[in-house]
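Visitor: give me coordinates for this.
(4 chains)
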2 protein chains.
Amino acid sequence: MPVSKKEISACPIDAMLSVVDGRWKGTILWRLSEGPMRTSELRRSIPGITERMLIRHLQDLVRDGILVRHQENAVPPCVRYSISKYGRTLVPVLEAICAWGRSHIQRVNRGR
Amino acid sequence: MPVSKKEISACPIDAMLSVVDGRWKGTILWRLSEGPMRTSELRRSIPGITERMLIRHLQDLVRDGILVRHQENAVPPCVRYSISKYGRTLVPVLEAICAWGRSHIQRVNRGR
DNA sequence: TGTCGTACTGACAAAATAGTCAGTACAGGA
DNA sequence: TCCTGTACTGACTATTTTGTCAGTACGACA
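Guide: Next comes the predicted model:
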């Protein structure tokens, strides 16, 4: 969709979509809804994602207040991402999206 | 987000987002949730949209089964779009998205 | 010493999406 | 006759997003 992410839209639907929109953001949030994860864990758990894209999306989500980044000063570095309190308000919406998406997939697969 | 719309994603969130994702689709669905509208009515009711983009998005939504296109064979042509029965299953999800988006806009505006 | 893993950044190319512009056919009104 | 409105299509450019590749610093391990 590229709804422009540069500035917040006046349309509430667009405003919400600008937060979860991104090739992998839905999947990232889905993984993190089960608990905090390290960057490399996330990367390995999402087939097809590149490190670059993972980090870009994670940064977007942190900027939007949806995720929190916890860094332990160690070598090798250890960074963990988790869903923030604000981000948790988004989870029920994601669940609604997911439920509809699931039935949509079935519908599409039936139709061919 | 350009989640690729070429093929349906296995991730339900992406599958749902691929339907509503598009610079203007949220707004179009929002307008049509109040009742059927003609192409030109929609265009005039959505500031900033071009006829080209409106028609492209309408065609996407019809292809996905969300909208129905009613054509009256007249000159000048009169085409009306309405939300299909299937599309109506999407409305509660859009409402959840919209409610979250509304509070997100407020949060963002407070923060500056 | 060489290689691996971690969590990144920057520069860039490729792909997808959005937007611009011109053109179509026909009826009605000035 | 000319201009307007309707609902489109096609060709194209521009913008945005995604993906690729190389590079960083440091410790552990062989």
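Visitor: which SS state does residue A:79 fall under?
Guide: strand (DSSP: H, G, I helix; E, B strand; the rest coil).
Visitor: how many neighbours does it have?
Guide: 15 (other Cβ atoms under 10 Å in any protein chain shown). Just so you know, the C-beta spots here come from the backbone N, C-alpha and C atoms, and that holds for glycine as well.
Visitor: again with residue A:73
Guide: 6.
Visitor: got the residue ranges for the helices in chain A?
Guide: A:12-20, A:25-32, A:39-45, A:51-63, A:85-88, A:91-110 (DSSP state H).
Visitor: among those, which is the most enclosed?
Guide: helix A:12-20 (a mean of 24; mean count of other Cβ atoms under 10 Å in any protein chain shown).
Visitor: hmm, that helix in reach of chain B?
Guide: Yes. Residues of helix A:12-20 are located near chain B by Cβ under 8 Å from any Cβ of the partner chain, namely A:12-17, A:19-20.
Visitor: will you turn those into JSON lines that also has pLDDT and distance to DNA strand D?
Guide: Shown next, in JSON lines, are the residues of helix A:12-20 next to chain B (pLDDT from 0 to 100; distance: Cβ to the nearest atom of the strand, whole Å):
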{"residue": "A:12", "pLDDT": "89", "distance to DNA strand D": "18"}
{"residue": "A:13", "pLDDT": "90", "distance to DNA strand D": "16"}
{"residue": "A:14", "pLDDT": "89", "distance to DNA strand D": "11"}
{"residue": "A:15", "pLDDT": "92", "distance to DNA strand D": "13"}
{"residue": "A:16", "pLDDT": "94", "distance to DNA strand D": "14"}
{"residue": "A:17", "pLDDT": "93", "distance to DNA strand D": "11"}
{"residue": "A:19", "pLDDT": "94", "distance to DNA strand D": "12"}
{"residue": "A:20", "pLDDT": "94", "distance to DNA strand D": "11"}
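Visitor: within range of DNA strand C, give me the residues from chain A.
Guide: Within chain A, the positions adjacent to DNA strand C are A:1-3, A:38-40, A:51-52, A:55, A:58-59, A:69, A:71, A:75-80 by Cβ under 7 Å from any atom of the strand.
Visitor: try it again with 6 Å
Guide: Within chain A, the positions adjacent to DNA strand C are A:1-2, A:38-40, A:51-52, A:55, A:76-79 by Cβ under 6 Å from any atom of the strand.
Visitor: farthest-separated two in those?
Guide: Among the residues of chain A next to DNA strand C, the pair separated by the greatest distance (Cβ to Cβ) is A:1 and A:76, at 36.5 Å.
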